[in-house]
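Participant: need coordinates for the below:
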Amino acid sequence: MTYQIFSHALPNATPGTQRVLKANHFGEAGARPKVYLQAGLHADEWPGFLVLNTLLRMLKKADEAGLIQGEIVIVPVANPIGLAQNFHGYIPGRFAFSDGGGNFNRNWPQLGQKVEKRIKSEITGDIAANVDLVRHAIHEELCLLPETTELQGMKKTLLALSMDADEVLDLHCSGEASMHAYVAQEFEGHFRPLLALLGAKVGLSELETGAASFDETNVSVWRELKAHYAHLVPWGTRSLTVELRGENDISNDFAQQDAQALFDYLVLREVIAGKAPAIDDSELVYYPLDAMDLVKAPCAGIVCYHKAIGDEVEAGEVIGEVVNLTDDNVETSSYPLVARTNGVLFARVQRRLVVCGESIAKIAGREHLAFREMGHLFED
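Facilitator: The predicted structure follows:
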């Protein structure tokens, strides 16, 4: 058996407290391919917790049977800081209360330019050697990252566990949603089997969002180097963000279904020995992220949707309404939510009391929308 659990202590935020990240390791260290999985970076998104817990049980059996061929690292609870933000029974785990605040999945350290300076005089025509060179340089730069605060320590630890992986799978969810994923354009084909196994019909394809999210950060070094050295530096890491439906889509059935899909994908990538699964990706469609309509609340009030998750919609169609509870005339207090593109309604906020101007629904479209700004494709 190769299964090991390593505990990584974060810097003390306050006297007498300390949080820990637990990483589950399968396979021999350094074996390839290496796949890294984590859940709960947004600490109020919980389906991934149960999915990875279920996957761990499957992997332990595979390990006992000697089937682990590569290396697998799983951090089932990636953000103990956010989970501790319990405010009167509610865990607002998307944004940090301390360390300057901000979205836990934004503004991760970007190492591309620093790594390029380290390796530029040593790049050769040996592609395999170049990959090793880059990974060593990434490790050296990671060691230099500050870890004075608890949040800095968490980011540094998670990147140290993931940035040498061949694939990085970051598990999230939306408020209410169908299964979908955010995938870099370069990896559409590579991750198509994974999305098919998960039953996703919507993939959001992007080149670079400008968010410096966790999954983007894991490939940003390689994207930077490929701009300089093209084919001499291959994709050493591929990553994506998987959205496991909605916040309340948590059950043993869903967890078993999704964990089996992830397990089958690990077999497909030959990380685990076994018969490769059959793939039917006929229902999966990739939509450009800059074609995604973020439907905004025209006023504050109670939202009522006329369309269900997964429904096709047309530009100009009313997909719901927001009722302004303070309008003087109750006969005219309902304001329509109008789609601005043809596509699929795939996600919306779970709560029904909404704030004026906030994005409350997402429609995956096929044509670029002029009001969507490249480099700022995520609003939070």
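Participant: element containing the residue most central in space within the chain, please.
Facilitator: In the chain, the residue lying closest to the centroid (C-alpha atoms, centre = their mean) is residue 241, at 2.5 Å. Residue 241 is part of strand 238-246, with elements assigned from DSSP states H and E.
Participant: show me what counts as buried in whichever strand or helix holds residue 135.
Facilitator: Assessed by DSSP H and E, residue 135 sits inside helix 127-144. Along helix 127-144, these residues count as buried under the neighbour rule (16 or more other C-beta atoms under 10 Å): 130, 131, 133, 134, 135, 137, 138, 141, 142. C-beta: built from backbone N, CA, C; applies to glycine.
Participant: in the stretch 151-300 of the chain, which spans are helices?
Facilitator: Ranges of helices within the stretch 151-300 of the chain are 188-198, 214-229, 252-268, based on DSSP state H, counting those that start in this stretch.
Participant: residue 303: which of these is closest?
Facilitator: helix 252-268 (25.3 Å; C-beta to C-beta).
Participant: what average pLDDT does the closest one get?
Facilitator: The average pLDDT within helix 252-268 is 98.
Participant: just the buried positions in it, please.
Facilitator: 254-268.
Participant: what are the contacting residues of it?
Facilitator: 35, 37, 47, 50-55, 58-59, 62, 72, 169, 193-194, 197-199, 244-245, 272-277, 279 (C-beta atoms under 8 Å, 6 or more residues apart in numbering).
Participant: apply 6 Å and report the result again.
Facilitator: 50-51, 54-55, 58, 193-194, 197-198, 272, 274, 276-277 (C-beta atoms under 6 Å, 6 or more residues apart in numbering).
Participant: quick one, it and strand 238-246 angle?
Facilitator: Orientation of helix 252-268 against strand 238-246 (axes from the mean of the first three to the mean of the last three C-alpha atoms, to 10 degrees) gives an angle of 160 degrees.
Participant: going forward, the N-terminal residue is numbered 792.
Facilitator: New numbering, starting at 792: the last item is helix 1043-1059.
Participant: rewinding a little: could the buried residues of helix 918-935 go into TSV alongside distance to residue 819 and pLDDT?
Facilitator: Below are the buried residues of helix 918-935 laid out as TSV (distance: C-beta to C-beta, whole Å; pLDDT from 0 to 100):
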residue	distance to residue 819	pLDDT
921	23	98
922	18	98
924	22	98
925	21	98
926	17	98
928	23	98
929	20	98
932	25	98
933	22	98
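Participant: quick one: which of those is nearest residue 833?
Facilitator: Using C-beta to C-beta, those come closest to residue 833 at residue 933, 22.6 Å.
Participant: can I have the helix holding residue 926 written out in CSV, keeping just the CAs?
Facilitator: Provided in CSV are the C-alpha atoms of helix 918-935 (Å, rounded to 0.1, in the frame of the first residue of the first chain):
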residue,chain,number,x,y,z
ILE,A,918,11.7,18.6,-24.2
ALA,A,919,11.6,16.2,-21.3
ALA,A,920,14.6,17.9,-19.7
ASN,A,921,12.9,21.2,-20.2
VAL,A,922,9.8,20.0,-18.3
ASP,A,923,12.0,18.9,-15.4
LEU,A,924,13.9,22.2,-15.5
VAL,A,925,10.7,24.2,-15.3
ARG,A,926,9.3,22.2,-12.5
HIS,A,927,12.5,22.7,-10.5
ALA,A,928,12.3,26.4,-11.1
ILE,A,929,8.6,26.5,-10.0
HIS,A,930,9.6,24.7,-6.8
GLU,A,931,12.3,27.3,-6.1
GLU,A,932,9.9,30.2,-6.7
LEU,A,933,7.3,28.6,-4.5
CYS,A,934,9.8,28.3,-1.7
LEU,A,935,10.3,32.1,-1.9
